[in-house]
Every structure is written in C-alpha cells, then in structure tokens.
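J.: below are the sequence and a predicted model; questions follow.
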Amino acid sequence: MVKLLYQKSISELHDLLVRSEVSAADITRSVLDRVDQVEGRIKAYVTVTAERALAVADEVDKKLAAGEKMGPLAGIPMALKDNMCTRGVRTTCSSRILENFVPPYNATVVEKLAGAGSPVIGKTNLDEFAMGSSTENSAFFTTSNPWNPDLVPGGSSGGSAAAVAAGEAIYALGSDTGGSIRQPASFCGVVGMKPTYGLVSRYGLVAFASSLDQIGPLTRNVTDCALVLQAIAGPDERDSTCAPGPVPNFAAALTGDVRGIRVGVPKEYLAQGVDPRVAGTVQAAIDLLAAMGAEVEETSLPHTSYALPVYYLIAPAEASSNLARYDGVRYGYRAAVTGDVVDMFMRTRSEGFGAEVKRRIMLGTYALSAGYYDAYYLKALKVRTLIKQDFDRAFERYDVLLTPTSPTLPFKKGERTMDPVAMYLSDICTLAAPLAGIPALSLTCGFVDDLPVGLQLMGPPFGEQTLLRVAHAYEQKAGHWRRSAEGV
Amino acid sequence: MATEYETVIGLEVHVELKTKSKVFCHSTTEFGADPNSHVCPVCLGLPGVLPVVNRQVVEWAILLGSALNCEIASFSKFDRKNYYYPDMPKNYQISQYDLPIALGGYLDIEVDGVKKRIGITRLHMEEDTGKLVHQGTITTTPYSLVDYNRAGVPLLEIVSEPDLSSPAEARAYAEKLRQIIVYTGVSDGKMEEGSLRCDANVSVRPRGSTQLGTKAEIKNMNSFRALQRALAYEVERQTGVLGEGGRIVQETRTWDEGQGVTLSLRSKEEAHDYRYFPEPDLVPLVIDPAWVQEIRSRLPELPEARAARYVEKLGLSAYDAGVLTAEKSLADYFEACLALYPEAKGVAKGVANWLMGDLARLLNAAGVSVEEGRVTPERLTGLLRLIDQGDISGKMAKEVLEVMYVSGLDAAQVIKERGLSQISDEGALLDVIRAVLTENEKVVADFRAGKDKAVGFLVGQVMKKTRGQANPDAVNRLLRETLQSDQGSTTHQ
C-alpha cells in the first residue's frame, strides 16, 4: 500500500523534502485535505489555521529552494493542544471562559516550532483546562477516537492524539499532568511522551498544576518522538523550573538494541482493575523484550496505591490558585452583571467554568484551607516524596519500568461522565510519573478488538534516551505502529 | 483605683524597592506613566506566563536584612497568598510565608533620651498590587478603573516584634527604619508617595500583665505624624473600652485622617483565609553564604556609625552629628563639601553651621531636599573660600547664599554682578577712615581720653559709608593704627 503524504512519518517526509520530491506546501495541503475529509467525524480541532500553515510551508519551500539546510521539522505540519499560547490565534483551553482569548505572545515551544519551520494546522480539543481523560469535559464538543468514533480518544490531549492518529497532523504537542499525553496516545494508538519535569519549558502553557504540567510530543513512531522532543527541549530563561542544558541527542540513542537493559515490571500495575486483555497484551510485549535480550524482572512500587489520592489533592490545590485569575476583569469571558465586583467574579466563574473544573477548584480550595492544610495538602506532599523514593530505589536496579498505560481499552463516550472516580481511575497507571517528575512514554504494544493497547515505559529523571532506545527497539521488532486507524 | 494600661505595638512596614524592573518580569517600575503602559504578559497575569525572580530584589533583601541585623536564610522560598481582588492580576500574590529570606534582627531607637532595642521578626520579598480608582468603596461605586503599572513592583515587608510601648516609640522606630532603608539605597522611602507603608498591630493590657490583649490592626496611615496620631487615638479608644468594662474585638481598622479617628474595616470573622502554599512556578532560593558576605561588604556606613565618626573624627557635637546624618542625602552633601575643601581649618564645623543654618532654612522654606537644591557642594565651598579669603564678610555671605539659591549661580558670579565684593584695599579704606575721623572729632577725642569703646562707633561709620562692603577686620585694624599714629603726630606738633 502506498502511503499518502498525510500518513507518513516525520523522517519519511523530511527525506522527501530534502530530495525535492515533494514541497512543504504539498505536505501541508495533503494534511489540510485530510482535515476537510475527516474532521466532521473526528472533531480534533477547536481552531484550524490553514492559511497560516500554508504561509509557513511556502516560507520553508523558499528556503529549501534557496539551498538553505533545514531541520527535521521544517515543513512538517503539526497540531498544538489548545492550552499553548499562540500570538494572534485564540487559545481557549476548551473553556467558555477563554473562548475568545487571543494571546499577545507565543509559548516557548511555539516559538521553537516556528523557528524550526513547522506549519501549525490548528489548535486541538482538550478536556477543559486539561482536566479530564476523555475530552468530554471540553466546553465545545467531544473528540472521537479515530479507531472507533463511538469511543473517546482519551484525554486530556485527546484532540492532539486523535489528530495524529487520523492523519490530521503529522505530529502534535500535548501536555501531561497526570497522564494527559500518554493515556490518549494509548487510546489512539500513537506514541506519546511526558518528558522529565523541567526538560521542556512551560512558558506559555496555560497552567493546570504547575508542579506537574509538562509539554510533550505525540507522534506516529518513536523516531519522530525523538525528533520532536529534540526540537522543544532545553532551558528557558522565562521558566525558572526549566532544567539547565545541555540537551542530549535523542535520535542518537535509537540503537535498536535492548540487550542488557534492565526492565522492572512493578506488580502493582498489573494487579486488579486491569482489563485482562490489556494485561495479556502487555505481557506479550514483556516477553518480546525479554526475547530481544532485555533483562526483565518483577518489582514493586509499594506506594503506588497512594498516587491517585495524592494527585487529586496536589493537582486541584495548584489548580484552584492557577485558575483564580479567570475573573472577568482583564480578559476572557465576563458575565453580564448588575451587582458589585464580587457578584461579577462569582457569575463570571459560575458561567465560564464547566462542572469538572469547578469540582477541582473546590477540592483544591478545600485542601489548602486553614484547618485542613496539614491533613490534606501537606500530607499529600509528604506521600509524594515517598512515591518519588519508590522510584529512586527502583531505578537503582532498573533502567526502565514497564507498565500498561491505561488499565482499560478506550471506553465509550458517556460511559464514565456521571462517575468522576471511574474517570479518575482511567489515569491510575500514569499518575505516579508526574508526581515523581520522571519521564514516561506510551507506545502501542498490540490490539484487542481492533483497538490499540498502550505500553508505558518510565525512566529516571532525564532518562529519556534510554526510554526512547527501548521503545524504538521494541517498535521496530513488533511493528504495531505501521497499523493506522482504518475506522475513519 | 482605675486599672493602668500599657500599650503593645508591632509594626508591619512595606518598602517599595527602586529596582529598574519589576520583581518577576522585565517591565519597568518607573512611576507616573499612563495607566497600564508599564505592563507585560507576566505582570498582567495572562494565561500561561511564569514569574522569574529579579536577582536585584534578592540582593537588596539581603542587603537590607543585613542592615537590620537579621540572619539571612540559606534556604528560602516563595509562596502564594490567595485572595480575590481586582487589583491583583492573578488573584494571588507571590510572597514568602514560612521561610522568609531574613529573620531575627533588631534596630535601636531613642525616645526622650531613652534608648531601646526593637526586635525585627522577619523580612520577606513580595510583589505589589495594581491600583484601583473609583468613587467611594469598591462595593458602592458604579465602576472601578484599574491600573496595573504598580502590579509586580518589588516590595520588602519588615515585621517588628511587639516591642513598641507607645505611639512615640512606634514613630521613632518607623523613622529609624526609613533612615536605614534610605541609607542602604534600596528605596526612596517616601511615606506620602506610598513607597513606604506602615500597618500597626495595637493592643493594650493591664500594666504588669504578661498576656497580650486582643489586638486591632490599623491601616491607612500615610505619614509618620499620622502613624503617631492614629496609634494615640487607638490606644485611647481601647483603654476607654476596657475602662468601661467592654471587650476589644479583633479587627482591622482604618485611620481616617480628616476625622482623626480609626474606623472598623472588617472583623476577624471576615478575615481572609489566604491558603498559602509553596509557589510551584519558582524554585526555592538556595543562598550561597559567600554571596551574602559579598553583599554585606557593600553595606554603606549606617547613620549611627556615621554620626559617631563625625563626633570622634570631626569634633562635631552629638547634636550636630545627629542632625547631619538624619538624612543620608544631607550627610553625603556634608562630606562632599569636606572633600572639596579639605585644607581649611575648622571647615567641618563651618560647613555644618551653614548646612544646619542658612541653607537648611532656604531648603525647608521651599520644601526641597539638599540634593535637589541649586547650591551644590562645589558652590557652597566656593562661598566658604571667599569668606575665608576675606573677600566677603559672613554677613554678606548670607545674602550671597540667598541669591545663589535662587539663581543657581556661583558665589563669585553673584558677588561680581551685585558689586558686593568686600573692600580690603587699604588705600581706599584709609581715605574713608580719614573722612570719618574728620567728621567725628568729638568721638576721636573721647577715644583719646581713654574710651576704647568709641572705636566701635567709628567702625560702624566706616561700614556705613562703604555700604557694608568694607572688611570689618581691616577697618578695625586700620582705624586703630590711624588713631595711634595721628596721636603721635599731634604730640610732635
């Protein structure tokens, strides 16, 4: 089968570009045509910026024609989760409160991609303010899973994951706070990576939980993931929590060899609550890695069960403060009011925020309140340290830890919207990595009922190279990535 | 017998730092621009922005903390103070809660000759808010306008121990604190313009009691005088309430300058729960002791040390030294003068007299500080030189100074333009003296009869004839010489 341009990977398209077999405009048009074709069913985008994308592609073509040497992302059309600020293009966070907010500045990652010459196809749908696991918390619409439109694409970066899986972008950026890149990557059958906290600048990423948020790539394969990560990583003087450089060469880590790599499989992640079909698929992947020469061993992360309660105290606490600025005074939605300023605050926020956002603001406000702070927020910080120590100890013995990304297959739209805790449990495997600040990657390790199953690899802080190396070697051997979403 | 009460006061002072840019972004801190023109995405709190600490702010916090004898924390962090108010772009203020940058200092005050050491609990960094403009209060105004130029301007908050026992002590503490702040150069410390703001916690208790009474927090005191008046009123009020068997309510009160009273603003029940938590957008500050040492070594000489030096090395009285060092700008001016005229004898006392006397009078009348005036140290020492050379009399110099003050001219220029130069030419003076002697034969006769005082009258006549421009010393000497020699010649006749 001959792949169309929109179906290809970054490295394939880059080769075509440098050999002048296609133009950047050809690629962007191919992707935009694909958007026209399927977007009605997928609904990955909140805003499509076709003209801007074509203008960038033309620029790249001019430079290529002038003999300029371009990086791997030049002319590669991409999608941005709509919680990353784009100058002159509205940035909504899929919230009523920011529905018409047009930032006067670019996020650092957006600047970097602009510098790399990567056309932005548009801004993708998410759960409002990245709070959710299905895009059903978007104030605008729910995105469909390209493998089966009755199913959710995962979330909160569901729009980005679906766009890549459906061919509406060659790659995308998402943000991950508790699994928001990896879980949708798993549900949509793409590669998604949450880098080490501090590897990628958060400047311009609309904050959900500042100590957890991290931007990362969603791509067709691991090689592309390494290329995108290379382009967005690095220190930023506008983000004090960003790690100082230098950034290693990620593509160079893709050796195709896993011999001698020590893989720990924490038993807590394959215990009860995991769909046996998912567990079985992951087990097959473990066996394959072992057959490829990796040293696989079962291990334990004893504080795993606390990750969910800890996460749902710390993330909402930070969110309650981060989202306080949406009050109708300076920008965004303002309720029509007749009362005083307090009335304006209350109505603006009551009307502007959706139910899940309100729930988390209340949770977080409560956890930080006088008299409850020690019992909830402070206790959660202490347990967060214990969770980190679990990982520190594990990484003394293992190079990577392997788990399922999601305990279940993609679920049906509406299935969990009435039960917040069931929705929260969807992230049970992905919550610990952000709490520990460590990198984690999800890639497809097989299919059940024609639906992708995701495998999660976690590594020590700044252990991205090893993660990418193991994932790449596995991907090359297993070949699941070549299968694309035929559902659309 | 009625219970006697004693007063317990602690002050919270906010100092606006005069850094070039704001505490967490590059926006300028310049004052007086059009509303919302000194802002950027960061200080406007737009979605997605992040704060980055201005190194200068940390440095100045360490500097002022050191000047206030505080210990500088090796590990310090920022926290968020959460509350909703439209002058706050993020609806939280980045401040420091449990790990401030400086702790446990003190400063010494003196009231009515009694010295006292006042403890300083802590000093921490935070960001200022914007400004609201509206009619009446925020809940009754038809609309409010907001200006975020001030949002993100760096503040240091200095919290004292409840060691102050009277409004006078509180004022002395605030004034002394301001003096040190201005000396360190981190702020211009202008209370009227809001770069120095003072809140007070006040309570009273039966004398001798060790338990603290219920306190009220007093706000909106915009001058040192207002501070003292407000506290005096509040002490009186609380004593009155207790004296009548009432109870003090814990509350925040505002000073109404016009009515001269404090008014209730909100009670403890309405007080905010600020839900402090560590600011996740900033990494903790790990402060290298070597850096602290380096900053400490740059601490300027503080007022007390400077005054002591003036007494010891320059022979000034303690009073003069105190006046000269009260304002850093005055002491700097004083020393600039000494540097410009180091060779003269008694110059320190001379400069001090001019600074505290005639120049101070002129400046005070116009309400300008010494560094804003047009009489520069160069010009003042120029004037002193002319006096010392005998070109003008001290009395004329006072006139010359006034002209210099108004015109901004050098002393020599003023003297030349006004023809004020002193007549020291002996030939010219002798002509005048001879004329005076001829016109006053009776007085001359009195002198010769042994009335030495008669000389004074004759000097006065010479001065009158020269419209005050004669050098009085020279006139005196020449008069006596002439009278002596005339006498001699008479005898010979």
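T.: Nice, thanks for sending it over. Source: prediction; values computed, not measured. Numbering: from 1, shown residues only, chains lettered A, B, ... in the order given.

J.: okay, now residue 157: neighbour count?
T.: Went with chain A since none was named. 39 (other Cβ atoms under 10 Å in any protein chain shown). (Glycine included, C-beta is placed from N, CA and C.)

J.: can you look at chain B instead?
T.: By other Cβ under 10 Å, neighbour count at B:Glu157 equals 18.

J.: can you tell me what sits against stretch A:423-430?
T.: A:132-134, A:154, A:176, A:178-179, A:182-183, A:194, A:269, A:273, A:307-308, A:311-312, A:403-408, A:411, A:416-417, A:440, A:442, A:456 (Cβ atoms under 8 Å, 6 or more residues apart in numbering or on different chains).

J.: let's see which of these end up in strands.
T.: Residues of the contacts of stretch A:423-430 located in strands (DSSP state E): A:Asp176, A:Lys194, A:Thr403, A:Pro404, A:Ala440, A:Ser442, A:Gln456.

J.: for these, which two are the farthest from each other?
T.: Maximum pairwise distance in the ones in strands among the contacts of stretch A:423-430, criterion Cβ to Cβ, is 16.4 Å, between A:Asp176 and A:Pro404.

J.: point out where the chain drops to low pLDDT.
T.: No chain was given, so I picked chain A. Counting by pLDDT under 70, chain A shows low-confidence ranges at A:1, A:486-488.

J.: wait, I meant chain B there
T.: For chain B, the ranges with pLDDT under 70 are B:1-2, B:269, B:419-425, B:486-493.

J.: wait, B:Lys90 sits on A:Asp327?
T.: No: counting by Cβ atoms under 8 Å, B:Lys90 stays clear of A:Asp327, with 9.7 Å between them.

J.: who has more neighbours out of these two?
T.: A:Asp327 (26 against 23).

J.: show me the contacts for the spatially most central residue of chain A.
T.: In chain A, the residue lying closest to the centroid (Cα atoms, centre = their mean) is A:Ile181, at 2.1 Å. A:Ile181 sits next to A:Ser157, A:Ser160, A:Ala161, A:Gly174, A:Ser175, A:Gly192, A:Met193, A:Lys194, A:Gly216, A:Pro217, A:Leu218, A:Ser442 when contact means Cβ under 8 Å, 6+ apart.

J.: OK, contacts around the last one?
T.: Right, A:Ser442. Contacts of A:Ser442 by Cβ under 8 Å, 6+ apart are A:181-183, A:185-186, A:191-193, A:405, A:430, A:454-457.

J.: let me know the closest of these to chain B.
T.: Sorting the contacts of A:Ser442 by distance to chain B puts A:Ile181 at the head of the list, at 17.4 Å, by Cβ to the nearest Cβ.

J.: how about the strands in chain A?
T.: Counting by DSSP E, the strands of chain A are A:45-48, A:78-81, A:120-124, A:171-176, A:191-194, A:214-219, A:262-266, A:295-299, A:400-404, A:440-448, A:451-458.

J.: tell me the contacts of A:Leu401?
T.: Listed by Cβ under 8 Å, 6+ apart, the contact set of A:Leu401 reads A:Val263, A:Gly264, A:Val265, A:Pro266, A:Thr299, A:Leu301, A:Phe391, A:Ala394, A:Phe395, A:Leu457, A:Met458, A:Gly459.

J.: looking at the strands of chain A, which is buried most?
T.: Mean neighbour count (mean count of other Cβ atoms under 10 Å in any protein chain shown) peaks for strand A:191-194 among these, with a mean of 33.

J.: what residues does that strand touch?
T.: A:157, A:161, A:174, A:176, A:179, A:181-182, A:184-186, A:214, A:216-222, A:224-225, A:229, A:430, A:433-434, A:439-444, A:464, A:467, A:471, A:475, A:481.

J.: quick one: strands adjacent to that strand?
T.: Looking at strand A:191-194 with DSSP bridges, its partner strands are strand A:214-219 (antiparallel), strand A:440-448 (antiparallel).

J.: near chain B, which residues of the stretch 51-200 of chain A are found?
T.: With Cβ under 8 Å from any Cβ of the partner chain as the criterion, the stretch 51-200 of chain A comes near chain B at residues A:Asn83, A:Met84, A:Cys85, A:Thr91, A:Cys93, A:Leu98, A:Phe101, A:Pro103, A:Pro104, A:Tyr105, A:Ala107.
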